[in-house]
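Trainee: show me how the following folds:
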Amino acid sequence: MKLKTFYTCQKCGLQSPKWLGRCPDCMEWNTLVEETAPPRAGKGGSGKGQISVPVLLRDVAAAEEDRIRCGIRELDRVLGGGVVPGSFILIGGDPGIGKSTLLLQGAARLADSGEALYVTAEESARQIKLRAERLGISADRLLVLAETSLEAILERVEERKPAFLVVDSIQTIFTAALESAPGSVSQVRECAGRLMHLAKGGGPSVFIVGHVTKEGSIAGPRMLEHMVDTVLYFEGDPGHPYRILRAVKNRFGSTNEIGVFEMKDSGLAEVLNPSEIFLAERPQGASGSVVIPSLEGTRPILVELQALVSGSSLGTPRRTAIGIDHNRVSLLVAVLEKKVGLSLMAQDIFLNVAGGVRLNEPATDLGVAAALASSHLNRPIPARTALFGEIGLAGEVRAVSRPELRVKEAARLGFNRCFLPAGNLKNLEAPPGIWLGGVHTAAELLEEIFDE
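Mentor: The predicted structure follows:
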């Protein structure tokens, strides 16, 4: 029988019956590779020859799954409270960021609740042993398997029937059913699909590691992220010891939660109070520095935002933002220019979120505006002042979510003054030791914050 072949884009997963120099979908050059079509599966939608039968929604059992806590509180927080039995979890991140270290520590903790199998396709069992000794791991029910063949892995899973399976990494696993090289789109998709059927068919909870490309996305087709239940990104600045685990997708919990870790010689250590860590080296009496109570899921975190505004010698002034959306910064610069009267269009503007944190919520607008004005006017903001709020194009300050959590965190760390949207002051009781000031516009904020 003649094998059917097609050409698959290694960037976006597009399939073409003939070779093309440029992918018509992602517009990348020389990314189409010839691959052999996988064999057709037999009848039945479950992957085991069984035919699914529709049932009434009211007859579906709605019992909530008991989560298994792995003992690493920051990881449990991001997962939504623990590992759901039969879940399929993908962890991505830059090389050397700590993905394997985190999963090895997590697998050792999960082994207390059931046997865990750690499959390493990139390292030898001896290398894993050396890392475990360095991390102080001595789990009695943690198995290590150095294997790259998916069929061999599934055989060992069938023999041992572990409760947890870790595959490091999915790009190095291959199946003999396809002739394409490991890491290709077809191999990644087929291996991930069979691991998904394993998890959903009453098998173990599966963790897989995914490499990240230079563009910051997980290597392989976007379908890989759609197949899993949870997608976690491990982020961190190489110049800082802190790592942030962020949920991008989570079918069993919130996608706004983050976990903070510190990389040490003994492995990843949890940071239970990240606010104090991020503010530990804040300069005193420096202009352009402001503290923002940011909300990450249910956790308020106080972070320092630094701004530097200086005269530009270029025809087009520079706008550089690290840890915050540069488009949002350009918008706020225009508002301060038009509605407040600050002359910023001919100035170079640099913004940085200290500690390598990334801020995505609009509640940081008030802090960005205050930091820009402080640096431009060379007038420092009082050290124990925090502020948050969203700024509209008309210069108005809009209310944001969960102001009580932000204010309590600021008061807990010794801040005695907090500016926030006037709309959030309604029914908001100030904690002891902190004064709350509601503002309606960005201009009113600058008048209040620099009022001696």
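Trainee: now the strands for the stretch 351-452 of the chain?
Mentor: Secondary structure of the stretch 351-452 of the chain (DSSP state E, counting those that start in this stretch): strands at 385-387, 390-391, 397-398, 417-421, 435-439.
Trainee: and the third one, what does it pack against?
Mentor: In this structure, strand 397-398 makes packing contacts with strand 390-391, helix 442-449, judged by 3 or more CB pairs under 8 Å, 6 or more residues apart in numbering; DSSP states H and E. Where you see a C-beta, it was placed from the backbone N, CA and C, and this is true even at glycine.
Trainee: out of these, nearest to S287?
Mentor: In terms of CB to CB, the element of these nearest to S287 is helix 442-449, at 12.2 Å.
Trainee: can you give me the mean pLDDT across that closest one?
Mentor: Averaging the model's pLDDT scores along helix 442-449 yields 92.
Trainee: which ones are touching the closest residue to A163 other than its chain neighbours?
Mentor: When the adjacent residues along the chain are set aside, A163 lies closest to G114, with 2.8 Å between them (CB to CB, 6 or more residues apart in numbering). By CB atoms under 8 Å, 6 or more residues apart in numbering, G114 lies in contact with 68, 141, 162-164.
Trainee: now do G114 against P204, distance only.
Mentor: For G114, the distance to P204 under the criterion CB to CB, to the nearest Å works out to 8 Å.
Trainee: where exactly do the helices run in the stretch 51-200 of the chain?
Mentor: In order along the chain, the stretch 51-200 of the chain carries the following helices (DSSP state H, counting those that start in this stretch): 73-79, 99-110, 125-135, 150-160, 185-200.
Trainee: ok, longest strand in this protein?
Mentor: Of all the segments assigned as strand in the chain under DSSP state E, the longest by residue count is strand 299-311.
Trainee: which other helices and strands does it contact?
Mentor: Contacts of strand 299-311 with other secondary structure elements, assessed using 3+ CB pairs under 8 Å, 6+ apart, are made with helix 274-278, strand 289-296, strand 347-353, helix 365-377, helix 403-412.
Trainee: same list (these) but as JSON lines, adding distance to T316 and mean neighbour count.
Mentor: JSON lines is the format used below for those (distance: least, CB to CB, whole Å; neighbours: other CB atoms under 10 Å):
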{"stretch": "helix 274-278", "distance to T316": "33", "mean neighbour count": "20"}
{"stretch": "strand 289-296", "distance to T316": "27", "mean neighbour count": "25"}
{"stretch": "strand 347-353", "distance to T316": "10", "mean neighbour count": "20"}
{"stretch": "helix 365-377", "distance to T316": "18", "mean neighbour count": "25"}
{"stretch": "helix 403-412", "distance to T316": "36", "mean neighbour count": "20"}
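Trainee: domains of this structure?
Mentor: Residue ranges of the domains in the chain are recorded as 5-36, 67-272, 277-449, according to automatic domain parsing.
Trainee: between these, which gets nearest to L56?
Mentor: With respect to L56, and counting by CB to CB, the nearest of those is domain 67-272 at 21.2 Å.
Trainee: re the thing from before, would you list the domains of the chain in JSON lines and tack on distance to V60?
Mentor: Rendered in JSON lines, the data for the domains of the chain read as follows (distance: least, CB to CB, whole Å):
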{"stretch": "domain 5-36", "distance to V60": "32"}
{"stretch": "domain 67-272", "distance to V60": "15"}
{"stretch": "domain 277-449", "distance to V60": "29"}
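Trainee: what average pLDDT does stretch 172-182 get?
Mentor: Regarding stretch 172-182, the rounded mean pLDDT is 86.
Trainee: kindly report the same for stretch 390-401.
Mentor: Across stretch 390-401, the average pLDDT comes to 94.
Trainee: before we move on, what about stretch 262-275?
Mentor: Across stretch 262-275, the average pLDDT comes to 88.
Trainee: quick one, which of the helices of the stretch 51-200 of the chain is nearest to G236?
Mentor: Closest to G236 of the helices of the stretch 51-200 of the chain, according to CB to CB: helix 99-110, at 10.8 Å.
Trainee: between that closest one and helix 125-135, how big is the angle?
Mentor: 70 degrees (axes from the mean of the first three to the mean of the last three CA atoms, to 10 degrees).
Trainee: what packs against helix 99-110?
Mentor: Contact analysis of helix 99-110 by 3+ CB pairs under 8 Å, 6+ apart lists strand 88-93, strand 116-120, helix 125-135, strand 164-168, strand 205-211, strand 267-270 as its packing neighbours.
Trainee: ok, residues contacting that helix?
Mentor: Contact partners of helix 99-110, identified using CB under 8 Å, 6+ apart, comprise 68, 70-72, 75, 83, 91-93, 116, 118, 123, 128, 131-132, 135, 137, 139, 142, 163-164, 166, 168, 207, 209, 234, 245, 261, 267-268.
Trainee: buried subset of these, written for ChimeraX?
Mentor: Buried residues within these, by 16 or more other CB atoms under 10 Å, are selected in ChimeraX with:
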select :68,70,72,75,83,91,92,93,116,118,128,131,132,135,137,139,142,163,164,166,168,207,209,234,245,261,267,268
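Trainee: distance of N427 from K408?
Mentor: N427 is 15 Å from K408, where distance means CB to CB.
Trainee: looking at the helices and strands packed on strand 397-398, which one is packed in the most?
Mentor: For the helices and strands packed on strand 397-398, average neighbour numbers computed from mean count of other CB atoms under 10 Å are highest in strand 390-391, which has a mean of 21.
Trainee: what lines up beside that one in the sheet?
Mentor: Taking DSSP bridges as the criterion, strand 390-391 forms sheet pairs with strand 397-398 (antiparallel).
Trainee: ok, back up a step: for T255, state which of the contacts of G114 is nearest.
Mentor: T255 lies nearest to I68 out of those, by CB to CB, at 20.5 Å.
Trainee: run through the residues that contact the closest one.
Mentor: By CB under 8 Å, 6+ apart, the contact set of I68 is 82-85, 110, 113-114, 163, 205.
Trainee: ok, so of these, who is nearest P421?
Mentor: Nearest to P421 among the contacts of I68, counting by CB to CB, is G82 at 35.8 Å.
Trainee: can you report how many residues neighbour that closest one?
Mentor: Counted by other CB atoms under 10 Å, the residues lying close to G82 total 21.
Trainee: do I have it right that it meets I72?
Mentor: No - between G82 and I72 there is no contact, the gap being 10.3 Å when judged by CB atoms under 8 Å.
Trainee: how about the residue nearest in space to the middle of the chain, what does it touch?
Mentor: Taking CA atoms, centre = their mean, the centroid of the chain lies closest to R246, which sits 2.7 Å from it. Under the criterion of CB under 8 Å, 6+ apart, the neighbours of R246 are 78, 232-233, 235, 258.
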